[in-house]
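> sequence-free structure coming up:
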């Protein structure tokens with residue numbers, strides 16, 4: 001009996017220890033037989049997607065502390081180049097790659113984390129071995145329904161407050177400094193990769209699907225090395241078949257991309273000074289309210 005009592009208490013002790021550690025809560029994995037389909041059937045594509053995921057979180061973590069500056073651009077360009085040489089095989093634990101953002105800007109972090117989960121679900125559904133249009137539509141409708149029930153789901157953006165930030169179309173930036181070309185290229189090229197890969201996975205024949213995925217990977221590698229940046233990266237432009245077949249999910253993902261762009265623009269005021277940090281905090285609070293997120297707690301622990 002005593003051993004059984006110890007065994008029963010141990011999970012509770014571990015749970016309390018995890019809560020006390022202050023680590024950010026991670027969402028549950030997507031449910032269904034299509035889990036990890038991209039990883040199982042297209043590991044080279046999954047590795048490139050992980051490069052983008054790691055670089056996105058690292059960019060926001062640095063920008064949260066020092067703003068979007070030339071120094072950020074140099075550091076993130078070197079970081080991404082090192083990842084491209086040895087692409088990671090596992091996705092990042094976001095709260096470990098961006099721990100300060102996860103602690104000090106919870107609404108921003110959680111909204112982007114759940115957006116990443118929805119992005120992963122789209123690709124995994126399309127890559128599943130039994131994928132066909134009606135079944136994929138049903139699976140993605142359920143995934144979108146669960147996403148919309150989350151507290152951190154993004155609503156349609158309202159008119160921006162008087163914050164000095166222009167109202168942007170999805171995926172288009174007008175405010176990033178000229179010295180941050182690498183940061184902006186990563187933002188757009190990464191979204192292009194996710195969208196075009198989704199279009200590739202719509203192909204029912206696996207041999208043709210595999211050929212298209214390999215071409216997309218080669219195009220991504222070449223475009224990143226040659227410093228070419230896609231002009232428009234919305235799903236309607238980059239993956240029209242996906243946008244036409246799964247309009248709700250793709251519009252939600254375009255909104256996540258617009259949100260990520262607006263967050264980076266809100267982090268532009270450079271320097272790691274308290275005054276610059278307070279300016280960035282206020283801009284982020286306005287961005288959060290614009291997308292229907294709570295703004296309390298952003299920047300309070302700086």
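On my side now, so go ahead. Nothing here was measured: the structure is a model prediction, and the numbers come from that model.
> please enumerate the helices of this protein.
Ranges of helices in the chain, per DSSP state H, are 2-21, 37-41, 43-66, 70-85, 94-97, 99-104, 106-127, 133-149, 181-201, 206-225, 235-238, 240-245, 247-266, 274-290.
> of those, which is nearest residue 158?
Evaluated with C-beta to C-beta, the helices of the chain place helix 274-290 nearest to residue 158, the distance being 5.2 Å. (Each C-beta comes from the backbone N, C-alpha and C, glycine too.)
> who does the closest one touch, helix- and strand-wise?
The contact analysis (3 or more C-beta pairs under 8 Å, 6 or more residues apart in numbering; DSSP states H and E) places helix 274-290 against helix 106-127, helix 247-266.
> so how far is residue 69 from the spatially most central residue of the chain?
The chain has residue 116 as the residue nearest its centroid, 4.1 Å off, counting by C-alpha atoms, centre = their mean. Distance, residue 116 to residue 69, by C-beta to C-beta, to the nearest Å: 25 Å.
> still on that earlier bit, most packed of the helices and strands packed on helix 274-290?
For the helices and strands packed on helix 274-290, the largest average neighbour count (mean count of other C-beta atoms under 10 Å) is found in helix 106-127, namely a mean of 23.
> please report phi then psi for the residue nearest to residue 155 when sequence neighbours are not counted.
Spatial nearest neighbour of residue 155, excluding adjacent residues (C-beta to C-beta, 6 or more residues apart in numbering): residue 292 at 3.3 Å. Main-chain torsions, residue 292, degrees, to the nearest 10: phi 80, psi 20.
> do you know how far the closest residue to residue 150 other than its chain neighbours is from residue 153?
For residue 150, ignoring the flanking residues on the chain, the nearest one in space by C-beta to C-beta, 6+ apart is residue 114 at 5.5 Å. The gap separating residue 114 from residue 153 is 7 Å, by C-beta to C-beta.
> give me the low-pLDDT residue ranges for the protein?
Residue ranges of the chain with pLDDT under 70: 1-33, 160-180, 225-231, 269-272, 301-302.
> coming back round to it: burial count for the residue nearest to residue 155?
16 (other C-beta atoms under 10 Å).
> residue contacts, it?
Contact analysis of residue 292 by C-beta atoms under 8 Å, 6 or more residues apart in numbering lists 154-155, 158.
> neighbour-wise, give me the winner out of those.
residue 154 (22 neighbours).
> which parts of stretch 58-78 are buried?
By neighbour count on 16 or more other C-beta atoms under 10 Å, the buried set for stretch 58-78 is 58-69, 72-73, 75-77.
> and the helices of the chain as a markdown table, adding distance to residue 296?
What follows is the helices of the chain, written out as a markdown table (distance: least, C-beta to C-beta, whole Å):
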| stretch | distance to residue 296 |
| --- | --- |
| helix 2-21 | 20 |
| helix 37-41 | 36 |
| helix 43-66 | 17 |
| helix 70-85 | 27 |
| helix 94-97 | 19 |
| helix 99-104 | 12 |
| helix 106-127 | 8 |
| helix 133-149 | 21 |
| helix 181-201 | 27 |
| helix 206-225 | 38 |
| helix 235-238 | 32 |
| helix 240-245 | 35 |
| helix 247-266 | 17 |
| helix 274-290 | 9 |
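> residue 300 is nearest to which of those helices?
Residue 300 lies closest to helix 99-104 among the helices of the chain, at 7.4 Å (C-beta to C-beta).
> what's the closest one packed up against?
For helix 99-104, the elements it packs on are helix 43-66, helix 106-127, judged by 3+ C-beta pairs under 8 Å, 6+ apart.
> what angle do the longest one and helix 274-290 make?
In this case it means helix 43-66. Orientation check (axes from the mean of the first three to the mean of the last three C-alpha atoms, to 10 degrees): helix 43-66 against helix 274-290 gives 130 degrees.
> got the angle between helix 43-66 and helix 106-127?
Using the same axes, to 10 degrees: helix 43-66 against helix 106-127 is 170 degrees.
> can you tell me which helices and strands helix 43-66 packs against?
When contacts are defined as 3+ C-beta pairs under 8 Å, 6+ apart, helix 43-66 packs onto helix 37-41, helix 70-85, helix 94-97, helix 99-104, helix 106-127, helix 181-201, helix 206-225, helix 247-266.
> any idea how many residues pack against residue 36?
So residue 36, with other C-beta under 10 Å, has 15 neighbours.
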